[in-house]
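Q: Fold the following, please.
(4 chains)
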There are 2 protein chains.
Amino acid sequence: MAAKSQYEELARQLSAIGAVKRGLARILPVECPPGSAAVLTLLERHGNMRLSRLAELMAIDISVTSRHVAHVAERGWIGRSPDPGDKRSRILHLTDAGSAVLHELSLRTTDVLAHTLGDWSDDEVGQLNTMLARLRDSFGDCRSWTSAPHDCGALAPSGGPLTTSAIPATPA
Amino acid sequence: MAAKSQYEELARQLSAIGAVKRGLARILPVECPPGSAAVLTLLERHGNMRLSRLAELMAIDISVTSRHVAHVAERGWIGRSPDPGDKRSRILHLTDAGSAVLHELSLRTTDVLAHTLGDWSDDEVGQLNTMLARLRDSFGDCRSWTSAPHDCGALAPSGGPLTTSAIPATPA
DNA sequence: TATTGTTATACTCTATAACTATA
DNA sequence: TATAGTTATAGAGTATAACAATA
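A: Next comes the predicted model:
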């Protein structure tokens, strides 16, 4: 268990890390926004899968995943084969064109990171990767959170919706 | 200098860490979206400042910052005092109500992180914080990136806008 | 009846551009 | 002329809800 100040600092860092993500997103081709890049990357890394599985891996709603998939499919970067065992779903797979895009993304990402993180050792980048993976794992699937994580009612002491004492009615 | 695969992995981790951020955002009061929380947090941490300085700290465009600030100001969480030395700008400062909201945010964040990261030691959370801070620092202000970071032309070998070979014209 | 996807709608965040006021 | 902010507009990402097809 860490100190309260460490948790607050982590919250700040996570909030601020968005700038890095945006920086990385800025180098993507116009036709391939971050959502599309994620779809391609996960298909390469985890192999063919159905939409619901992809939504799990991306930790976003299946409706959102559906749109990302439609975007890359329209461009011919993935294909959707019928699922032999379930006519409701299709199996997503990378196409050659998709692999080519992925290769391009890899080149750009590597270029940028090699420049910006030039003074990081391989081991240091590896440590960061390990900790980020663990962080995601610790959070699990936070999409299902309602008011409290793991422990139902954990947030009760904080006062559910902001109490009147903490947030005054809109002034002026 | 790290290996290419480490860079690719980092890109994946950063892409996926959004899920953690969303989980943390979900516990915020309805009236206080992430952008507002960031404004309050930075004012507490760095003290009173003008809008342009806040935009720098948030690493977002000043126009976006202006809207976030307007949101929290409308709720009385911050005040805008005239800048004695420059009538064009105002000095932003937390109000007591803003501090109360900040206290509430701290309670909720700490609750959630204490539960989800219960098996992390204080030192481990500290290490993650340190590395995230360094990562942000290494990236610098990536808002000004155009096609390449630090080195102008670094991305040239990747082929500027996606080449025809990598991205075929929209098929079918 | 339950599950897999798709689509419509709405909200947050961000960037660009045009504009006002002041330096 | 240059800078500090504000506002309008547009694009990306996500969530909820309603709906279609199949299990």
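Q: Who are the contact partners of A:Ser36?
A: A:68, A:71-72, A:77 (CB atoms under 8 Å, 6 or more residues apart in numbering or on different chains). All C-beta atoms are positioned from the backbone trio N, CA, C, and that covers glycine.
Q: In chain A, where's the longest helix?
A: Taking DSSP state H as the criterion, chain A has its longest helix at helix A:96-116.
Q: same question for the helix or strand following that one, mean pLDDT?
A: The element immediately downstream of helix A:96-116 (helix or strand, assigned by DSSP states H and E) is helix A:122-139. Helix A:122-139 shows a mean pLDDT of 96.
Q: Is helix A:122-139 positioned near chain B?
A: Yes - Helix A:122-139 lies within reach of chain B by CB under 8 Å from any CB of the partner chain, at A:122, A:124-129, A:131-136, A:138-139.
Q: which residues of chain A fall in helices?
A: Using DSSP H, helices in chain A cover A:4-16, A:18-25, A:34-46, A:51-58, A:62-74, A:96-116, A:122-139.
Q: Can you mark which positions in the second one are buried?
A: Okay, so that is helix A:18-25. Buried residues in helix A:18-25, defined by neighbour count with 16 or more other CB atoms under 10 Å in any protein chain shown: A:18-25.
Q: Just the CA trace of it, in PDB.
A: Taking Å, rounded to 0.1, in the frame of the first residue of the first chain, the C-alpha atoms of helix A:18-25 are listed here in PDB:
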ATOM      1  CA  GLY A  18      -2.300  12.400 -22.500                       C
ATOM      2  CA  ALA A  19       0.100  15.000 -24.000                       C
ATOM      3  CA  VAL A  20       2.500  12.200 -25.000                       C
ATOM      4  CA  LYS A  21      -0.300  10.200 -26.500                       C
ATOM      5  CA  ARG A  22      -1.400  13.200 -28.500                       C
ATOM      6  CA  GLY A  23       2.200  13.700 -29.700                       C
ATOM      7  CA  LEU A  24       2.400  10.100 -30.900                       C
ATOM      8  CA  ALA A  25      -1.000  10.400 -32.500                       C
END
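Q: which residues sit against it?
A: Contacts to helix A:18-25, defined as CB under 8 Å, 6+ apart, come from residues A:33-34, A:109, A:112, B:11, B:14-15, B:17-18, B:21, B:58-60, B:135-136, B:139, B:142-143, B:145, B:149.
Q: Show the contacting residues for A:Ile78.
A: A:39-40, A:43, A:69, A:72, A:92-95, A:98.
Q: What about DNA strand D: which of the residues you listed touch it?
A: Contacts with DNA strand D within the contacts of A:Ile78, counted by CB under 7 Å from any atom of the strand: none were found.
Q: Select only the buried ones of the residues you listed in ChimeraX?
A: To isolate the buried subset of the contacts of A:Ile78 in ChimeraX, counting by 16+ other CB under 10 Å, use the following:
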select /A:39,40,43,69,72,92,94,95,98
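Q: Format the contacts of A:Ile78 as TSV; extra columns: distance to B:Asn48.
A: Converted to TSV, the contacts of A:Ile78 look like this (distance: CB to CB, whole Å):
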residue	distance to B:Asn48
A:Val39	44
A:Leu40	45
A:Leu43	49
A:Val69	47
A:Val72	47
A:Leu92	52
A:His93	55
A:Leu94	52
A:Thr95	55
A:Gly98	51
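Q: Would you reformat the contacts of A:Ile78 as TSV and include distance to A:Ala2 and pLDDT?
A: Formatted as TSV, the contacts of A:Ile78 follow (distance: CB to CB, whole Å; pLDDT from 0 to 100):
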residue	distance to A:Ala2	pLDDT
A:Val39	35	98
A:Leu40	36	98
A:Leu43	36	98
A:Val69	38	98
A:Val72	40	97
A:Leu92	39	98
A:His93	42	98
A:Leu94	40	98
A:Thr95	45	98
A:Gly98	41	97
